[in-house]
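[1] Predicted model and sequence follow; I will ask about them next.
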Amino acid sequence: MSLIATPNIDDHDAFYAELLAAHRGLTEAQSQALNAQLVLILANHIGDRQILREALELARAR
Amino acid sequence: MPYDYKPFPYVAPPGLTTPEPRHKVIVVGAGPVGLAMALDLAARGVPSVLLDDNDVVSVGSRAICWSKRSLELFDRLGVADKVLGKGATWSVGRVCHGDDEIFSFDLAAEPGHRMPPFVNLQQYHVEAFLAERALAEPLVDLRFRNRVTGIDQTGDTVHVTVKTPDGHYALTADYVIACDGARSTIRAILDLDFDGELFEERFLIADIEMEGDLPSERWFWFEPGFHDGQSALLHRQADNVYRIDLQLGPDADPEEEKKPEKVIPRIEKVVGPDFELDWVSIYSFQCRRLKDFVHGRVIFAGDSAHLVSPFGARGGNGGLQDVDNLGWKLAAVLDGRAPESLLDSYNRERVQAADENIVQSSRATRFMTPANGAERLFRDQVLALARKAPFARGWVNSGRLSTPCVYATTAPDDPALPPVSRPGAVAPDAPQGNGWLLNALGRDVVLLAVNCDAPAGLDVPVLRIEVNDLVAERYLGDAERALYLVRPDQVIAARWIEADARQVRKALAALWEGRP
């Protein structure tokens, strides 16, 4: 299996809004903390090292 | 009462008056590694001269956590019962964040091993037990207040110059083993690079005595309420002595922080006012190693070869695993049973182990002392998540405790057999009648026959073991039968579900040649 790089979430606009909503009312530091926890939670859920590696590469790419 | 240091007697060595005959082995440094080295060689019939520049055991408790594998080695050297009797056996660790416990672990969850996962005992007690054995061992010539000042190699001879209270003398030997610690004189004389990473964070380390009955557990705090540094560690040792480590930050002034009027209030906040301070030291640590552990006929073992941070108990235990690996190889080379190339495998395997220890130790250090920015952010959020989600507890790193390295090997293996006993790993212990498998293995090469007969015509001792549930779980898995070739250091050399004499002979040859 490899990293899914095409749309994969049902109603992704709605998820995007939920993501922003989760940050509403947070300070900069609290937002950063939430993002860090999200990364850790999702990375653990994915579990596959190869996919995680590809995700890191995609995020680092300019 | 703090430990009563009784000096060992200095005896003027014969070399001061007449040249000594060439020795087989000179071991330099009578710390736990050097003492264990000389005793292991003696148990294999190899005499050695063991030189120490001092005449007392370790000042301060220093290494305190002795791992299962070290205890198994102590057992072969005849001191395990003393260490177990005197020390504090523990297996439970508790990890706290602030003042709350976020999780605990129990290393003894798996039954059927003679030795516990860890025993805490001050290094001075361990050295005293080993020194007592060494002084009673005719094949160990232990010389106190004998400081090495020079070392040189010509052909197959190592020349050593030694300074005593009565002056200098010279020794020659087939091999020298440098177990002379983090500030190794021999490493300095040979001018060898000792590369790695130096951490700037300073830690306070103290032994305190107190009455009361705290459980024998390892307690670690991240950001404790009682200490404004980033972490604290509490360990129980023997005789109501406890070890406390407090992280002080990179800017702490060692001389200032060592003063009792600074130290005592810090410790009072952890345990209350009723204690006595026995020993205190301020340290920062390093993760570094020699590029090679074998330099001609000078071989490095323990802290002289590699340094790690203390979190994980990988320093003293790593050094003892060097001894485990080197003893049988050097004995076999000296006996002519194995070619000198067997010693290359000491270098290869223990460099692999040192790198593993350094990686583990560096990661733990990084977790405890994160750099500002993303490193700090993720560290703090792992701790926050660990309170609410079990998966994050695995990322909380207060030190990954020492386990023996599984050496890289391409020896015969059958993947249908259990991973725990794969080639390169230490043979897992299991009950055998009223005793234990590791005791039955002893200190020579052996072919373990599990639920079968060994092929006929082999020149190797065969041990047919009793198959019980734990043996089946650790040595058979779903297989009906198996053969295991075990090295003298109890590391699995090769294994098969079925093999003929030719296959076993081939693996035996590889074992004695030290092929990977």
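    Arrived safely.
[2] since we're on the closest residue to B:Glu211 other than its chain neighbours, how many residues are nearby?
    Closest residue to B:Glu211 apart from its sequence neighbours, by C-beta to C-beta, 6 or more residues apart in numbering or on different chains: B:Asn240 at 6.3 Å. In this view, the C-beta of every residue, glycine as well, is placed from N, C-alpha and C. Neighbour count for B:Asn240, taken as other C-beta atoms under 10 Å in any protein chain shown: 16.
[3] Can you name the residues that contact B:Asn240?
    Counting by C-beta atoms under 8 Å, 6 or more residues apart in numbering or on different chains, B:Asn240 touches B:209-212.
[4] Buried ones only from those, please, as a ChimeraX command.
    Here is the ChimeraX command that selects only those of those that count as buried (16 or more other C-beta atoms under 10 Å in any protein chain shown):
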select /B:209
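[5] Among the contacts of B:Asn240, name the ones in strands.
    Applying DSSP state E to these, the entries found in strands are B:Glu209.
[6] okay, which residue is most central for chain A?
    The C-alpha lying nearest the average C-alpha coordinate of chain A belongs to A:Val39 (C-alpha atoms, centre = their mean; 5.8 Å).
[7] Now it. Its backbone dihedrals?
    Backbone torsions for A:Val39, taken as degrees, to the nearest 10, come to phi -60, psi -50.
[8] ok, it to chain B distance?
    Using C-beta to the nearest C-beta, to the nearest Å, A:Val39 is found at 8 Å from chain B.
[9] Could you report the distance from that residue to B:Gln123?
    With the distance defined as C-beta to C-beta, to the nearest Å, A:Val39 ends up 42 Å from B:Gln123.
[10] Please apply the same query to B:Glu211.
    23 Å.
[11] B:Leu190 touches B:Ile151, doesn't it?
    Yes: between B:Leu190 and B:Ile151 there is a contact under C-beta atoms under 8 Å: 6.9 Å.
[12] quick one: common contacting residues for those two?
    Shared contacts of B:Leu190 and B:Ile151, counting by C-beta under 8 Å, 6+ apart, come down to B:Val298.
[13] Pick out whichever of these two has more residues nearby.
    It is B:Ile151, of B:Leu190 and B:Ile151, that has more neighbours when counted by other C-beta under 10 Å, with 20 against 17.
[14] That one belongs to a strand, doesn't it?
    Yes: under DSSP: H, G, I helix; E, B strand; the rest coil, B:Ile151 sits within a strand.
[15] which residues does it bridge with?
    Per DSSP bridges, the residues bridged to B:Ile151 are B:Val160.
[16] Next one: it relative to B:Asp191, how far apart?
    Counting by C-beta to C-beta, the gap from B:Ile151 to B:Asp191 is 11 Å.
[17] Could you do B:Asp303 as well?
    Taking C-beta to C-beta, one finds B:Asp303 at 18 Å from B:Asp191.
[18] Between the two, point out the one with more neighbours.
    Using other C-beta under 10 Å, the more surrounded residue of B:Asp303 and B:Asp191 is B:Asp303, with 24 against 6.
[19] just checking, the more buried one touches B:Gly181?
    Yes: judged on C-beta under 8 Å, B:Asp303 makes contact with B:Gly181 at a distance of 4.8 Å.
[20] Does the residue in chain B positioned nearest to chain A fall in a helix, a strand, or a coil region?
    At 4.0 Å from chain A, B:Gln381 is the closest residue in chain B, using C-beta to the nearest C-beta. Three-state call for B:Gln381 (three-state DSSP): helix.
[21] what sits against it?
    Per C-beta under 8 Å, 6+ apart, neighbours of B:Gln381: A:33, A:36-37, A:40.
[22] Check B:Val83 too.
    B:66, B:71, B:74, B:119, B:121, B:125-126, B:129 are the contacts of B:Val83 under C-beta under 8 Å, 6+ apart.
[23] cool, and B:Ile26?
    Neighbours of B:Ile26 in contact, by C-beta under 8 Å, 6+ apart: B:48-51, B:158, B:160, B:171, B:173, B:175-177.
[24] Okay, and the beta partners of it?
    In this entry, B:Ile26 is beta-bridged to B:Val49, B:Val176, by DSSP bridges.
[25] For it, report the pLDDT, please.
    At B:Ile26, the predicted lDDT confidence score is 98.
[26] which residue ranges form the helices in the chain?
    Unless you meant another one, I'm taking chain A. A:12-23, A:28-46, A:49-60 (DSSP state H).
[27] sorry, should have said chain B
    When assigned using DSSP H, the helices of chain B occupy the ranges B:32-43, B:68-77, B:80-86, B:123-136, B:185-189, B:254-257, B:260-271, B:316-335, B:342-368, B:374-386, B:437-441, B:469-471, B:501-513.
[28] Deepest-packed of those helices, please.
    Of all those, helix B:32-43 carries the top mean neighbour count, a mean of 28, counting by mean count of other C-beta atoms under 10 Å in any protein chain shown.
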